[in-house]
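no letters, just coordinates:
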């Protein structure tokens, strides 16, 4: 069986030859070059012939000519890729695609054995969900990338925004008469900073409401030992649990039911993030809804503002957390 010859890529020169126009004119049309006065009929003829011939722009050549790769890189911390983070990235990717950009993610690892991806792909902007180290910033700039979000040299004004979800969790449980509340965190070491942040906010809320000091226990959502420690929580007078996220909340609910406890009569439980898990378990979880899709679009808008050198978008309603009351705390569901 013979080897089929590789089909040659259709070029702008092929399109120009086919329509009988100069390569410059065809190039202006295919690259949508600004400042050119090309009749609309000619433009449409070029585009139609390009489509018929299967012409696709050469991305490397276009990037070299324009000085842009049309890539946005998001540097991810070494977090588990849970539902909320996936939704956030997917929505940012969609919004950037609509603007003509592709989103790529990169997770640096402590070993540092691999060449940093920003050196390989030369994205137009590098974003990070956590502060970059001085070494990483220097490496990004050495690769010729000047747009970093957030800008490490910018003086960021305090917008007064803090994560409201933990406060809403504690306020909801307090409104149902609970005074002794436990915060159930995740044991995954990759989430240590996030768990600590939510615990701190929940503790502040408990103090503000004159509740008993918040206690904390970190669990693994795949760990059956939670059932064994529930009795000690109850012996300490705990009547409600505010969980780091819905996975942890579902773990606590399952353990309570296996231990013969009634939820929420014996133990009320509230989660965070309003993932599909919250409505799949029984009883359904009260939780905190965060607009992860809106946050993804905001991320995309930040990247585009850096690329286009325009003012960054202001924080909007996507930063607002909402309480969703369901059966696990005595609400509906």
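Cool, got the structure. The structure displayed is predicted, hence computed values, not measured ones.

hey, where'd the strands end up in the protein?
Here the chain has its strands, by DSSP state E, at 71-75, 102-106, 125-128, 148-149, 181-186, 215-219, 240-243, 268-270, 287-289, 322-324.

out of the ones you listed, which gets nearest to residue 233?
When the strands of the chain are compared for distance to residue 233 using C-beta to C-beta, the nearest one is strand 181-186, at 5.7 Å. For the C-beta atoms, the positions are set from N, CA and C on the backbone; glycine is no exception.

tell me how far the closest one lies from the chain's centre.
Its chain's C-alpha centre lies 24 Å from the corresponding centre of strand 181-186 when counted by C-alpha atoms, centre = their mean, to the nearest Å.

now that strand: average pLDDT?
Mean pLDDT, computed over strand 181-186, is 96.

strand partners of it, parallel vs antiparallel please.
Listed by DSSP bridges, the sheet partners of strand 181-186 and their directions read strand 215-219 (parallel), strand 240-243 (parallel).

the first one - what's its average pLDDT?
In other words, strand 215-219. If you average the per-residue pLDDT over strand 215-219, you get 92.

returning to what we had before: right, so the strands paired with strand 181-186: which one is the most enclosed?
When the strands paired with strand 181-186 are scored by mean count of other C-beta atoms under 10 Å, the highest mean neighbour count falls to strand 240-243 (a mean of 29).

now do that one: everything it contacts.
Judged by C-beta atoms under 8 Å, 6 or more residues apart in numbering, the contacts made with strand 240-243 from elsewhere in the structure are 166, 169-170, 173, 176, 178, 180-184, 202, 214, 233, 249, 252, 264, 267-272, 329.

okay, domains of this structure per the record?
12-57, 165-291+321-329 (automatic domain parsing).

and the longest one, how far from the chain's centre?
Relative to its chain's centre, domain 165-291+321-329 lies at 23 Å (C-alpha atoms, centre = their mean).

give me the residue at the spatial middle of the protein.
Centroid-nearest residue in the chain: residue 88, 3.3 Å away (criterion: C-alpha atoms, centre = their mean).

against residue 82, how distant is that residue?
Spatial separation of residue 88 from residue 82 under the definition C-beta to C-beta, to the nearest Å is 10 Å.

one step back: mean neighbour count, the domains of the chain: which tops it?
Greatest average neighbour count among those goes to domain 165-291+321-329 (a mean of 19), per mean count of other C-beta under 10 Å.

quote the end-to-end distance of it.
From its first residue to its last, domain 165-291+321-329 covers 16 Å (C-alpha to C-alpha, to the nearest Å).

list the residues that contact residue 330.
The neighbours of residue 330, taking C-beta under 8 Å, 6+ apart as the test, are 176, 264, 268.

at 10 Å instead, please
Applying C-beta atoms under 10 Å, 6 or more residues apart in numbering, one finds that residue 330 lies in contact with 172, 173, 175, 176, 177, 263, 264, 265, 268, 283, 286.

to residue 277, which of the strands paired with strand 181-186 lies closest?
The minimum distance between residue 277 and the strands paired with strand 181-186 falls on strand 240-243, with 11.0 Å, by C-beta to C-beta.

mean confidence (pLDDT) on the closest one, please.
For strand 240-243, the per-residue pLDDT averages 97.

do the same with stretch 304-322
For stretch 304-322, the per-residue pLDDT values average out at 87.

kindly report the same for stretch 128-148.
Averaged across stretch 128-148, pLDDT comes to 89.

surely residue 97 meets residue 304?
No. Counting by C-beta atoms under 10 Å, residue 97 does not reach residue 304; the two are 11.8 Å apart.

ok so, going back, among the strands paired with strand 181-186, which is nearest residue 15?
Across the strands paired with strand 181-186, the minimum distance to residue 15, taken as C-beta to C-beta, is reached by strand 240-243, at 59.2 Å.

dump the strands paired with strand 181-186 into CSV; add distance to residue 116 as well.
Conversion of the strands paired with strand 181-186 to CSV gives the following (distance: least, C-beta to C-beta, whole Å):
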stretch, distance to residue 116
strand 215-219, 32
strand 240-243, 36
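
pLDDT value on the closest residue to residue 49 other than its chain neighbours, please?
Setting aside the residues directly before and after it, residue 49 is nearest to residue 19 in space (C-beta to C-beta, 6 or more residues apart in numbering), at 4.9 Å. Residue 19 is assigned 89 on the pLDDT scale.

one more: residue 45?
Reported pLDDT at residue 45 in the predicted model: 92.

excluding chain neighbours, what is closest to it?
In space, not counting the residues next to it along the chain, residue 45 is nearest to residue 19; the distance is 5.9 Å by C-beta to C-beta, 6+ apart.
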